[in-house]
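Chemist: sequence and predicted structure below; questions after.
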Amino acid sequence: MLKIENLHARVEDAEILKGLSLEVPKGEVHAIMGPNGAGKSTLSYVLSGRQGYEVTEGSVSLDGEDLLSLEANERAARGVFLSFQYPLEIPGVPALTFIRAALNAQRKARGEPEIAAPAFLKLAREKAAALKIDFEMLKRSLNVGFSGGEKKRMEILQMSMLEPRFLILDETDSGLDIDALRIVSEGVNALRSPERSMLVITHYQRLLDYIKPDRVHVLSAGRIVASGGPELALELEREGYDRYARAA
Amino acid sequence: MSVQSAIAARDADALPGKRDEDWRWTDLRGLIRTVPEPSPPLAREAMGEGPFASLAARVVAIGNGRGEAAIDIAADQVVALDVVSRGGGSHAATLRVDVAAGVAATLLESYRGLGEYLASTALAITLGEGARLERIVLAEEDADGVAVSQAEVVLAADAAFSQTTLTCGARRQRLETRVSHPGGHAQLRLDGVYLLAGKRHADLTSAVKHTGLDGRTDQLTKGVVRDQARGVFQGRIVVAEGADKTEARMGHHALILSERAEVDAKPELEIYADDVVCAHGNTIGALDEDALFYMRQRGLPEVEARAMLTEAFIGEVIDRIGHEGAREAARAWAAERLKGE
């Protein structure tokens, strides 16, 4: 599914990723853990195609297709979805309008017909109900005035409607209380499938109690410095990142 | 001297210019060396139909400065005023609009131009006691035209005047509204939208004078400028001595979408009364790059994401238009003006 080889990336003059290699096979959930400043957010932005991040070396491919030559929206149409740590507010654009425009833009890019309004509304009602989102909320400007938990639920709603095949969850647990964390995690877990892979980026082990990873990687100073099973996350929680900071 | 009399006397030196504080960003005197020959009459058939013709029960047309001189509104109705300029001459029109006491009316005013004309329109609008008027102004002048429209609005007690001015500018253009606000629960909404591209210039100037107790003014203007266009917003609210308990809000927000575009803004509040709630906000900036990336990450191409953000930005003003047909016409106009490029 996703293959990253020797990835070097810089923001302005600072090199943040320094030879990162990683493979996430189809159907697997991998966690990336690391201390602040390790390059976790940079990795999510480089994968999703944000401007201002310059790749100087290495490659990233999704099912064999080079991702780095594609625009952010082209990557989205090929199934890359980044769930933001702090989802943006879009004043004046109702959530439903936004999601429908995004879905149709992706379909158009893939050469598929647009979804008709009745079918779209039916789908939105079903998915919103499953995430315990009040349908009326979808008529309001996207994320404007929403609580942290509501914003994350809107991210999950978009995921479940856009049906990406590769998900990046960037610090999805930040700003969530336990109840919100449970609802959001259930939403993510419902999307687990043999056809879909996920990269869960997190500072804390807590999220991984809810979204159980197949593999855990430690990112430190721009490289993967250790990989292991779910037990690695528990060890990090117990012992901290000091050991890896030195190793890097 | 006014623009009107300068055109009538064909005296270019009498045009306002940058030495006049109130006109320093819209310099007509420096632009126009000689006032062109008076425009020839324009036949009604040659004018075609204005953008609001289908929404109004009564259409008043002014072609190259000639037409009816007064609109008396004595019963609830929708009136379209279509002001058309053609060719390279100069012309000036004056028009009186009276809304009788207790009447609720809509004035759908349009400006359409083709050519290198110099045009001026002066309106005197009065609202009787308890009268209501919503005035929508849609100005689509020629990129080579120079146009000024000035309205003097006088409100009686308990009257309500709402205005939305929508413009794409001209070679040089000024849309000016002066309101005499008597307080006494009279209500005023004064909104504007300017969407400018190329080398177009639009100046939205307003002056509101509160003279009595308990007046309300709510003003929101938004603009989007690109290329080498220039937007000017001048808003003055004066709360005279004795106009206590006045509530006035003024907002002006502009998006600048290219490096060579420019916006000049001068919001002014002058308060000489007590127990007054007045506020103004003024912001000028670029589109939110974080929001753009967020939208593109969800699959929207850049052009579409930009259009969606700018339309939403302008939508806040358009949503305030009361007349449904005019609101939808304004929305369609804005979408067309903001498309691509």
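Modeler: That came in fine, so what should we check first?

Chemist: give me the beta-bridge partners of B:Gln150?
Modeler: Beta bridges link B:Gln150 to B:Ala122, B:Glu176 when assigned by DSSP bridges.

Chemist: what's the neighbour count on it?
Modeler: 19 (other CB atoms under 10 Å in any protein chain shown). Bear in mind the C-beta positions are built from the backbone N, C-alpha and C, glycine included.

Chemist: test my guess that it contacts B:Glu176.
Modeler: Yes. B:Gln150 lies in contact with B:Glu176 (CB atoms under 8 Å); the separation is 4.5 Å.

Chemist: do you know the pLDDT at whatever residue of chain A ends up closest to chain B?
Modeler: As assessed by CB to the nearest CB, chain B sits closest to A:Gly92 within chain A, at 2.8 Å. A:Gly92 carries a pLDDT value of 91.

Chemist: list the contacts for it?
Modeler: A:Gly92 is in contact with A:141, B:311-313, B:315-316, counting by CB atoms under 8 Å, 6 or more residues apart in numbering or on different chains.

Chemist: partner strands of the helix or strand encompassing it and their direction?
Modeler: Per DSSP states H and E, A:Gly92 falls inside strand A:90-94. With DSSP bridges as the test, strand A:90-94 is paired with strand A:141-142 (antiparallel).

Chemist: which residues sit against the partner strand?
Modeler: By CB under 8 Å, 6+ apart, strand A:141-142 touches A:89-95, A:98, A:154, B:312.

Chemist: which is the succeeding secondary structure element to that strand?
Modeler: Elements were assigned by DSSP H and E; along the chain past strand A:141-142, the next helix or strand is helix A:148-162.

Chemist: buried ones in that following helix?
Modeler: Neighbour-count burial for helix A:148-162, counted by 16 or more other CB atoms under 10 Å in any protein chain shown, picks out A:149, A:151-162.

Chemist: and A:Glu71, what is it in contact with?
Modeler: A:49, B:296, B:301-302.

Chemist: could you list the low-pLDDT ranges of chain A?
Modeler: Counting by pLDDT under 70, the ranges of chain A that qualify are A:245-248.

Chemist: quick one: the helices in it?
Modeler: A:40-48, A:72-77, A:95-109, A:117-130, A:148-162, A:178-190, A:231-239, A:242-247 (DSSP state H).

Chemist: dump the ones you listed into JSON lines; add distance to chain B as well.
Modeler: As requested, the helices of chain A are exported to JSON lines (distance: least, CB to the nearest CB, whole Å):
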{"stretch": "helix A:40-48", "distance to chain B": "5"}
{"stretch": "helix A:72-77", "distance to chain B": "4"}
{"stretch": "helix A:95-109", "distance to chain B": "4"}
{"stretch": "helix A:117-130", "distance to chain B": "14"}
{"stretch": "helix A:148-162", "distance to chain B": "6"}
{"stretch": "helix A:178-190", "distance to chain B": "17"}
{"stretch": "helix A:231-239", "distance to chain B": "27"}
{"stretch": "helix A:242-247", "distance to chain B": "29"}
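
Chemist: out of these, which gets nearest to B:Arg112?
Modeler: Closest approach to B:Arg112 among the helices of chain A is made by helix A:95-109 (31.6 Å; CB to CB).

Chemist: show me what that closest one is packed up against.
Modeler: Where contact means 3 or more CB pairs under 8 Å, 6 or more residues apart in numbering or on different chains; DSSP states H and E, helix A:95-109 is packed against helix A:72-77, helix A:117-130, strand A:141-142, helix A:148-162, helix B:302-318.

Chemist: where does B:Val238 fall, secondary structure wise?
Modeler: Here B:Val238 sits within strand B:230-239, counting by DSSP H and E.

Chemist: partners of that strand, with directions?
Modeler: Sheet pairing for strand B:230-239, assigned by DSSP bridges, gives strand B:201-210 (parallel), strand B:262-271 (parallel).

Chemist: would you tell me whether the helix or strand just after the last one gets close to chain A?
Modeler: Read in the C-terminal direction, the helix or strand following strand B:262-271 is strand B:277-285, with elements assigned using DSSP H and E. No. Shown here: strand B:277-285 not in contact with chain A (CB under 8 Å from any CB of the partner chain), separated by at least 12.7 Å.

Chemist: please list all residues in contact with B:Glu152.
Modeler: For B:Glu152, the contact set (CB under 8 Å, 6+ apart) comprises B:122-125, B:178, B:180.

Chemist: are any of those residues buried, and if so which?
Modeler: Buried members of the contacts of B:Glu152, scored by 16+ other CB under 10 Å, are B:122-123, B:125.

Chemist: OK, contacts around B:Gly184?
Modeler: By CB under 8 Å, 6+ apart, the contact set of B:Gly184 is B:157-158, B:212-215.

Chemist: rerun at 10 Å
Modeler: B:129, B:155-159, B:211-215 (CB atoms under 10 Å, 6 or more residues apart in numbering or on different chains).

Chemist: ok, residues contacting the worst-scoring helix or strand of chain B on mean pLDDT?
Modeler: Between all helices and strands in chain B, the lowest mean by mean pLDDT, DSSP states H and E belongs to helix B:44-47, at a mean of 91. The contact list for helix B:44-47, computed with CB under 10 Å, 6+ apart, reads B:61-64, B:67, B:82-84, B:86, B:112.

Chemist: still on that earlier bit, right, and the helix or strand after the strand holding B:Val238?
Modeler: strand B:247-256.

Chemist: next, the buried residues of that following strand.
Modeler: B:248, B:250-256.

Chemist: which residue is nearest the centroid of chain B?
Modeler: Nearest to the geometric centre of chain B sits B:Thr165, at 3.5 Å (CA atoms, centre = their mean).

Chemist: for that residue, list each beta-bridge partner.
Modeler: Residues in beta-bridge contact with B:Thr165 (DSSP bridges): B:Val137, B:Gly192.

Chemist: mind listing what it touches?
Modeler: B:Thr165 sits next to B:109, B:135-139, B:149, B:151, B:175-177, B:190-194, B:202, B:204, B:206, B:221, B:317 when contact means CB under 10 Å, 6+ apart.

Chemist: repeat the analysis, applying 6 Å as the threshold.
Modeler: B:137, B:175, B:192 (CB atoms under 6 Å, 6 or more residues apart in numbering or on different chains).
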